[in-house]
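> Pasting a predicted model and its sequence here:
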Amino acid sequence: MSENLANKIAAGEVVERCSSIVKELVENSIDANATNIVINLFKGGLDKIQVIDDGDGMDANDAHMAFLRHATSKLIHDDDLFFINTMGFRGEALPSIASVSEIEMQTSNGMDSSYIHIKGGEFLEERSGDLRQGTNISVTNLFYNTPARLKYLKAENTELYNVVNLVEKLALAHPNIKFTLTNNDKILIKTSGSDNLLKTIHEIYGLNVSNKMLEFKASDNDFDIYGYICKPEILKSNRNDLNTFVNDRVVKNVEINRAINDAYYTYKPEGKYPVVVLKINTDPTLVDVNIHPTKQDIKLSKINDLYELIYKTIKDVLYNNLLIPNAMRDKSVNIIKDDVIKDIVANMVKSEEKVNVQTELDFVVEENDDAKLELKTSDDALINKEMKSLVLYPVGLALGTYIIAENDEGIYLIDQHAAQERVNYERYMKALRERNVAITTLLIPIKIELSTSEFTLLKENMEVLSSRGFQLEEFGVNTFLVKAHPTWVLEGHEEESIRKIIDLVLTCKDKFDPVKFNESMAITLACKMSIKANYRISPSEQEELLKELVVCDNPYNCPHGRPTIIKFSIYDLERMFKRVMN
Ligand code: ZN
Ligand code: ZN
C-alpha cells in the first residue's frame with residue numbers, strides 16, 4: 001500500500017469536516033507555544049481554511065517531515081501520546097489532511113523560513129520563505145480527490161457553526177492565547193489572551209452571560225476542578241455550552257455532563273442546559289488514552305469521585321447564590337449572543353444535534369399544566385442567605401393564579417401552583433429520605449388493574465415499591481391490591497398517586513436509579529397534588545403557602561426549574577412610574 005493511500009485512508013478517520021481540520025491545525029499551533037492564533041475561513045472553510053500562529057515554527061527539514069506519515073517527533077515518546085505536553089494524536093493529521101486537499105505552508109523558527117506547496121500528498125514546491133516567526137498554513141480544495149467524502153461536507157453555515165463552536169471551546173481552554181476567527185473577512189470570535197477565564201467567557205458569550213457567571217473551585221485527592229457556571233436564569237436549549245476540559249483538552253464525557261445536569265436539578269427545567277466552563281486537572285494516567293483520536297470522548301478512572309466532586313461543588317454554588325428573578329431587568333435571557341451566524345444556523349443545526357444527544361436522565365417528567373416558561377434576569381444584590389429571612393405578606397390573588405405579596409423591598413408575584421409544587425416536592429423528598437417509612441394501612445385496599453405486560457414488569461420491580469412503604473399483593477388476573485402506602489401520600493389522592501408511581505416504575509424498567517426515581521416521583525406527585533391555576537385560594541391559604549414556601553431549601557424554583565417568585569423592587573416601580581429617571 002502506498003504511503004499516499006495510507007494517508008488517504010487515515011484522512012477518513014481524522015478529517016470529517018472543516019472543523020476537524022481547524023482542530024488539528026490549531027492544536028498544532030498550541031503545541032508550538034503560539035500566543036496568537038488567527039483562523040481565517042472562507043465559505044465556512046469549504047473554500048479555504050487558514051491558520052496563522054506566532055509559535056515556534058519549523059526549519060525546512062522539519063517542515064518537510066511534517067507531511068510524512070509517522071514522522072513527527074511528537075510521537076516518539078509513547079506516554080506522550082495523549083496528555084503530557086501534547087494535545088492529541090499528532091503525526092497522522094497533517095499528512096492525512098495533505099492527502100485529500102491542497103496545502104500551502106510557510107513556517108519559520110526565527111532563523112530558517114520555508115515554503116511548502118503540496119496537493120493530494122504530492123510535493124509541488126519547496127523553497128525558502130519569507131515568514132519571520134511561526135506558521136501560516138492554508139488548506140484549500142478539501143476532498144477534491146475523494147468525491148465520496150466531499151459529499152459529506154455540509155453547507156457553509158453548518159461547517160461554520162461547528163468551527164465557531166470548536167474555536168470557542170479552544171479559546172476557553174486556553175485563556176492565555178489570543179484567538180481570532182474570521183469568516184469571509186468578518187470577525188466572529190476575538191479573545192485577548194488575557195489569561196483571565198472570566199474575561200474570556202465575556203469575550204465569547206458577551207456581557208449578558210459573563211455577568212451571570214458564578215465561580216467555583218474544589219479539589220479532592222485526584223482532581224482539581226475550577227471554572228464558572230451560570231445562574232439558572234441563563235439557559236440554552238442544547239448542551240453546546242457545557243464546556244468541559246480535562247488538562248486543557250476539550251472533552252466530552254457523559255458522566256461529567258450528568259454531574260452538571262444533576263447539580264442543576266430542580267434549578268432548571270428539563271431539556272434546558274446551563275452555560276458552564278469546567279476545567280478539570282488530573283494525573284494523565286487517570287485518563288484513558290485508547291480512544292479515537294478525533295473524538296472528544298474520554299474515559300476517566302475514578303469517574304464516580306469526579307462526579308461527586310462536580311455535583312457537590314456546583315450544587316453548593318447554586319444554593320449559595322440563588323436569586324429571585326427580577327421582573328424588570330433586561331429581557332434577552334435565552335439569547336446568549338446576538339452573533340448573526342449563531343442565529344442563522346442555530347435552527348438548522350438543532351435537528352442534527354438531536355441525533356447526538358444521549359439521554360442523560362432516565363426519567364423525563366412532563367410538565368403539562370404550567371404556563372410557558374419565561375425566566376427573567378435577577379437582582380444581583382440579593383443573595384440566598386439573606387433571602388432565607390424573606391418575609392412575604394400576601395396582598396391578594398390575581399387571575400386566580402398569582403399571589404401578590406409585598407414587603408419593604410417591593411412587590412412580589414408568586415405562582416401559586418409552582419410555589420405549592422416546591423413545598424410539596426421538598427416535603428416528599430424529605431419523607432423519602434427517612435430511613436423508617438411511616439405507613440398507613442388501608443382498611444379498604446385499593447385495587448389496581450394492569451395489562452399483562454405491565455403486571456409482569458411491576459412484579460419484577462416490586463422491591464422498588466415495597467422498599468418505599470407500598471404494600472401490594474397479587475389479587476387475581478393482572479391485578480394488585482394496595483394494602484398500605486407511605487403516610488406522606490396525600491389523603492384523598494391515594495389511588496391517583498399510586499397509579500402515577502406505578503407508571504413511573506413501569507417507564508424506568510432497564511436503568512433504575514433510586515435517587516432519580518425518588519426525585520421523579522416527588523416531582524410528579526408534587527405537580528399533581530398542587531393547586532392549579534385558575535383556582536382561588538383564601539387569604540389564609542395564601543398566607544400559609546407563602547410561609548411554607550419561604551422556608552424551603554430553594555423557594556425560588558418549582559421542581560421543574562421554573563421560577564416561583566418574581567420581584568418588582570421599589571426602585572423598579574419608581575422607575576416605571578418615572579418617579580426616578582435613571
Ligand atoms: Zn406542575
Ligand atoms: Zn413546575
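Looks like it arrived, so ask away. Ligands and ions are numbered 1, 2, ... in the order given.

> correct me, but Tyr311 touches Tyr264?
No: with contact defined as Cβ atoms under 8 Å, Tyr311 does not reach Tyr264; the gap is 9.9 Å. Where you see a C-beta, it was placed from the backbone N, CA and C, and this is true even at glycine.

> residue contacts, Asn554?
Going by Cβ atoms under 8 Å, 6 or more residues apart in numbering, Asn554 touches Thr266, Tyr267, Tyr319, Leu322, Arg422.

> Could you work out the most separated pair of these?
The largest separation in the contacts of Asn554, counting by Cβ to Cβ, is between Tyr319 and Arg422 at 14.2 Å.

> circling back to that earlier point, the more surrounded of Tyr311 and Tyr264?
Per other Cβ atoms under 10 Å, whichever of Tyr311 and Tyr264 has more neighbours is Tyr264, with 23 against 18.

> Just give the nearest non-adjacent residue to the more buried one, would you?
Distances taken as Cβ to Cβ, 6 or more residues apart in numbering place Pro274 nearest to Tyr264, at 5.8 Å, with adjacent residues excluded.

> Against Leu397, how distant is the nearest residue to Ser114 once chain neighbours are set aside?
Leaving aside its sequence neighbours, Ser114 sits nearest to Ala60 (Cβ to Cβ, 6+ apart; 4.1 Å). Relative to Leu397, Ala60 is positioned 81 Å away (Cβ to Cβ, to the nearest Å).

> just the helices in the stretch 151-300 of the chain please.
When assigned using DSSP state H, counting those that start in this stretch, the helices of the stretch 151-300 of the chain occupy the ranges 156-173, 197-205, 207-210, 254-263.

> and the second one, average pLDDT?
Averaged across helix 197-205, pLDDT comes to 94.

> Quick one: low-confidence residue ranges for the stretch 251-400 of the chain.
Where the stretch 251-400 of the chain drops to pLDDT under 70, the residues are 289-296, 322-389.

> now swap in the chain and tell me
Using pLDDT under 70, the flagged stretches of the chain are 1-6, 8-14, 70-92, 289-296, 322-389, 509-511, 582.

> how's it carved up into domains?
Using automatic domain parsing, the domain ranges for the chain come out as 3-153, 186-381, 383-421+533-576, 439-486+491-528.

> Let me know whether the last one sits next to ligand 2.
No: Domain 439-486+491-528 lies out of reach of ligand 2 by Cβ under 5 Å from the ion, never closer than 5.9 Å.

> That domain near ligand 1 at all?
Yes: interface with ligand 1: domain 439-486+491-528 contributes Cys527 (Cβ under 5 Å from the ion).

> And the residue of the chain positioned farthest from its centre, how close does it get to ligand 2?
Relative to the centre of the chain, the most outlying C-alpha is that of Leu443, 49.1 Å out, by Cα atoms, centre = their mean. For Leu443, the distance to ligand 2 (Cβ to the ion, to the nearest Å) stands at 34 Å.

> So that residue lies in a helix, does it not?
No: going by DSSP: H, G, I helix; E, B strand; the rest coil, the assignment for Leu443 is strand, not a helix.

> Could I get the full set of strands for the stretch 351-500 of the chain?
Counting by DSSP state E, counting those that start in this stretch, the stretch 351-500 of the chain has strands at residues 393-398, 402-407, 410-415, 439-449, 471-474, 479-486.

> Apologies, that question was intended for the stretch 201-350 of the chain.
According to DSSP E, counting those that start in this stretch, the strands that the stretch 201-350 of the chain contains are 213-219, 223-230, 242-246, 249-251, 276-282.

> Let's have these in a markdown table, adding mean neighbour count and distance to ligand 2.
Output for these, formatted as a markdown table (neighbours: other Cβ atoms under 10 Å; distance: least, Cβ to the ion, whole Å):
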| stretch | mean neighbour count | distance to ligand 2 |
| --- | --- | --- |
| strand 213-219 | 15 | 23 |
| strand 223-230 | 21 | 21 |
| strand 242-246 | 23 | 23 |
| strand 249-251 | 22 | 33 |
| strand 276-282 | 22 | 23 |
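
> Lys459 is nearest to which of the ones you listed?
The closest of the strands of the stretch 201-350 of the chain to Lys459 is strand 242-246. By Cβ to Cβ, the value is 39.3 Å.

> The closest one packs against which elements?
For strand 242-246, the contact count by 3 or more Cβ pairs under 8 Å, 6 or more residues apart in numbering; DSSP states H and E identifies helix 156-173, strand 249-251, helix 254-263, strand 276-282 as packing neighbours.

> Touching, Glu104 and Ile116? I think so.
Yes: using Cβ under 8 Å, Glu104 is in contact with Ile116, at 7.3 Å.

> Which one's more surrounded, the two?
Taking other Cβ under 10 Å, Glu104 and Ile116 do not tie; Ile116 has more neighbours (23 against 18).

> ok, for the more buried one, nearest residue in space, not its chain neighbours?
Closest to Ile116 by Cβ to Cβ, 6+ apart is Met105, at 4.8 Å.

> List the contacts of the helix or strand where that neighbour lies.
In this assignment (DSSP states H and E), Met105 forms part of strand 102-108. Residues outside strand 102-108 that contact it (Cβ under 8 Å, 6+ apart) are 57-58, 63, 67, 97, 113-120, 129-141, 144.

> how about 6 Å then?
Residues from elsewhere that reach strand 102-108 (Cβ atoms under 6 Å, 6 or more residues apart in numbering): 57-58, 63, 115-119, 129, 131-133, 135-141.

> Filter those down to the buried ones, ChimeraX style.
A single ChimeraX command suffices to select whichever of the contacts of strand 102-108 are buried according to 16 or more other Cβ atoms under 10 Å:
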select :57,58,63,115,116,118,119,129,131,135,136,137,138,139,140
